[in-house]
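Q: just the structure for this:
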Amino acid sequence: MTRVLMLEAAGPEAYAVASAAAASDIEIHAVTTAEAFTAYPDDLRSRLAGHLFADLSRPDQALRDVVDHARHIGIDGVLTTNEFLTPLVARISAALGLPGNDPDLADAARDKVAMAASFHREGVTTPRSRVVHLSDALLPGVDCPPFPCVVKPVDGAGSSGVTVVMNRREAREALRALRGRTGMYGTPSTPLALIQEYVTGVEYSVESMTQAGRNTHLCVTRKTVTGGARRVEVGHGLPASLQDGSADLVHEEVSRAIRAVGIRNGPSHAEVVLSPRGDRCVVLEIGARIGAGHIGVLIHHALGIDPWRACLDLALGRPAALASTRRRYATARFITSPRAGRLRLLAGLPERAPDVPVVRVRRQVGSIVAAPEDNTARIASFAVVGSDEGSVNRRAEEILAAIRVEVDPLPHEPPGPT
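A: I've put the predicted structure just below:
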């Protein structure tokens, strides 16, 4: 029996990998924490052949424990869909002699300071950045690039803590807000932050698979992002149409970024900005994981590629089926709360159908919802698939127009629009 170790099986992407494994007679053994495991739904637990509780807040100890466990049960591949755990996966794979990413560069796909340094060494076009220690955030002399610029935590994800600032006062406030943050699994967040050049243009992501250092760029995804100081992704659509010259430019920059952070065997999700004329591609960051936000679902429905099975094959060192077998278009849309408060009404969501393969409710009526400041503010989502971009986007907009969201303010908050 082929056995794959998956670090943290929570979340829709991990569930999809576990489902693909079950359909392929591959055992999935999860590494998680006792606390996280209690929230696993029964359907997910039924797909797991076993599990190990590890202290993921202590990566060095977790590395030893997981490697011992993997050797004991005979593991053939290691993977994760959790960006926070990609450095640990690289080191576990290396210790076991299994396909994986460069363990010496593993932190560069997670730590934004290490990433910026690696990008610079490889000549990746990336925003100018300045590293700031948060203990200096109160000082009036903190240097900034020309405004507007972007303040971001070094170890964040999902746009958490990322702020577009227009002046020094806003920059200092954004830096202050990053102090005392807690990382995943309760680890203290790094005391560093980045102040980064704001790059104008159209935002995309690039979904790629790399095997033995050879890249296959599956597609480019067009992103719809809100404006204002706190940007939230509210839509993904793929495959994005780029002119040949622009597409080549994007792929070349992303290939350099993949090499820079040591991705050798596995998926990657790169965030880029393409200039309005399509003649300059800037790589904002890259993760050694499959794209979240239903991107895997969109790839499957639009292109006919099974990205979750591909992740398994790459972890096992097997040839992955990465050629497109369909020419369709798919989009995902995310519904956010207009403000923080208690969700009173969520109505008008569509029923699942052949052209609406995904409808997901993330927050139930009565629950506390956050203001739209990062991707955790999503309360529901859906996906639409069809023959062409225009018809798919029109259908998605019709669905959005029918959805109603009402939020009651919390007792300490002033009333506002719902």
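
Q: and the closest residue to residue 351 other than its chain neighbours, how close does it get to residue 338?
A: Distance criterion C-beta to C-beta, 6 or more residues apart in numbering; nearest residue to residue 351, sequence neighbours excluded, is residue 359 at 7.1 Å. The way it works is simple: take the backbone N, C-alpha and C, and place the C-beta from them, glycine included. According to C-beta to C-beta, to the nearest Å, residue 359 and residue 338 sit 21 Å apart.

Q: please apply the same query to residue 175.
A: Remark: distance between residue 175 and residue 338 (C-beta to C-beta) = 27 Å.

Q: tell me which residues are up against the host helix or strand of the residue nearest to residue 351.
A: Element membership for residue 359 (DSSP states H and E) is strand 358-361. Contact with strand 358-361 is made by 12, 294, 297, 332, 346, 349-352, 379-383, as judged by C-beta atoms under 8 Å, 6 or more residues apart in numbering.

Q: how about 6 Å then?
A: 294, 297, 349, 350, 352, 380, 381, 382, 383 (C-beta atoms under 6 Å, 6 or more residues apart in numbering).

Q: send the alpha carbons of it over as PDB?
A: Provided in PDB are the C-alpha atoms of strand 358-361 (Å, rounded to 0.1, in the frame of the first residue of the first chain):
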ATOM      1  CA  VAL A 358     -19.500  24.800  -5.600                       C
ATOM      2  CA  VAL A 359     -21.600  26.600  -3.100                       C
ATOM      3  CA  ARG A 360     -20.000  27.000   0.300                       C
ATOM      4  CA  VAL A 361     -21.300  28.600   3.500                       C
END
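
Q: now find how far off-centre it is within its chain.
A: Chain-centre distance of strand 358-361: 18 Å, with C-alpha atoms, centre = their mean, to the nearest Å.

Q: and stretch 45-59, by the same measure?
A: Put simply, stretch 45-59 sits 21 Å off its chain's centre (C-alpha atoms, centre = their mean).

Q: tell me how many other residues crowd residue 3.
A: 18 (other C-beta atoms under 10 Å).

Q: quick check: the gap between the residue nearest to residue 4 when sequence neighbours are not counted and residue 34.
A: Spatial nearest neighbour of residue 4, excluding adjacent residues (C-beta to C-beta, 6+ apart): residue 77 at 4.5 Å. Between residue 77 and residue 34 the computed distance is 24 Å (C-beta to C-beta).

Q: show me the helices in the stretch 301-418 of the chain, by range?
A: Along the stretch 301-418 of the chain, the stretches classed as helices by DSSP state H, counting those that start in this stretch are 307-316, 389-402.

Q: need those helices in CSV (columns: mean neighbour count, distance to residue 323 and mean pLDDT).
A: Below are the helices of the stretch 301-418 of the chain laid out as CSV (neighbours: other C-beta atoms under 10 Å; distance: least, C-beta to C-beta, whole Å; pLDDT from 0 to 100):
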stretch, mean neighbour count, distance to residue 323, mean pLDDT
helix 307-316, 24, 11, 97
helix 389-402, 15, 21, 97
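
Q: how about low-confidence regions in the stretch 101-250 of the chain?
A: Applying pLDDT under 70 to the stretch 101-250 of the chain flags residues 136-145, 157-159, 183, 186-188.

Q: 90 instead?
A: Scanning the stretch 101-250 of the chain for pLDDT under 90 picks out 129-147, 153-162, 167-194, 225-233, 243-245.

Q: before we move on, the earlier item: what's the neighbour count on the residue nearest to residue 351?
A: 15.

Q: show me what it is bridged to.
A: Following DSSP bridges, residue 359 is listed with bridge partners residue 382.

Q: quick check: it vs residue 110, distance?
A: Taken as C-beta to C-beta, the span from residue 359 to residue 110 is 32 Å.

Q: thinking again about what came up before, pull out the buried members of the contacts of strand 358-361.
A: Among these, those classed as buried by 16 or more other C-beta atoms under 10 Å are 294, 297, 349, 350, 380, 381, 382, 383.

Q: ok, now which ones touch the third one?
A: Residues in contact with residue 349, defined by C-beta under 6 Å, 6+ apart, are residue 359.

Q: which helices and strands does the longest helix belonging to the chain pack with?
A: In the chain, taking DSSP state H as the definition, the longest helix is helix 244-260. Helix 244-260 sits against helix 112-122, strand 214-225, strand 266-274, strand 281-287, with contacts defined as 3 or more C-beta pairs under 6 Å, 6 or more residues apart in numbering; DSSP states H and E.

Q: shouldn't residue 94 be in contact with residue 102?
A: No. The pair residue 94 / residue 102 is not scored as a contact, 8.2 Å apart, by C-beta atoms under 6 Å.

Q: what's around residue 251, how many residues?
A: 17.

Q: quick check: it vs residue 296, distance?
A: 20 Å.

Q: just flag the most distant two among the contacts of strand 358-361.
A: The distance between the two most remote of the contacts of strand 358-361 (C-beta to C-beta) is 16.4 Å, for 297 and 349.

Q: ranges for the strands of the stretch 101-250 of the chain?
A: Along the stretch 101-250 of the chain, the segments classed as strands by DSSP state E, counting those that start in this stretch run 129-133, 149-153, 163-165, 192-197, 202-211, 214-225, 233-238.

Q: mind giving me CSV with those and columns for mean neighbour count and distance to residue 72?
A: Output for the strands of the stretch 101-250 of the chain, formatted as CSV (neighbours: other C-beta atoms under 10 Å; distance: least, C-beta to C-beta, whole Å):
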stretch, mean neighbour count, distance to residue 72
strand 129-133, 17, 41
strand 149-153, 23, 37
strand 163-165, 21, 46
strand 192-197, 22, 38
strand 202-211, 22, 28
strand 214-225, 18, 33
strand 233-238, 23, 40
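
Q: closest to residue 404 out of those?
A: So among those, strand 233-238 is nearest, using C-beta to C-beta, at 16.4 Å.

Q: identify whichever of the helices of the stretch 301-418 of the chain lies nearest to residue 277.
A: Residue 277 lies closest to helix 389-402 among these, at 21.1 Å (C-beta to C-beta).
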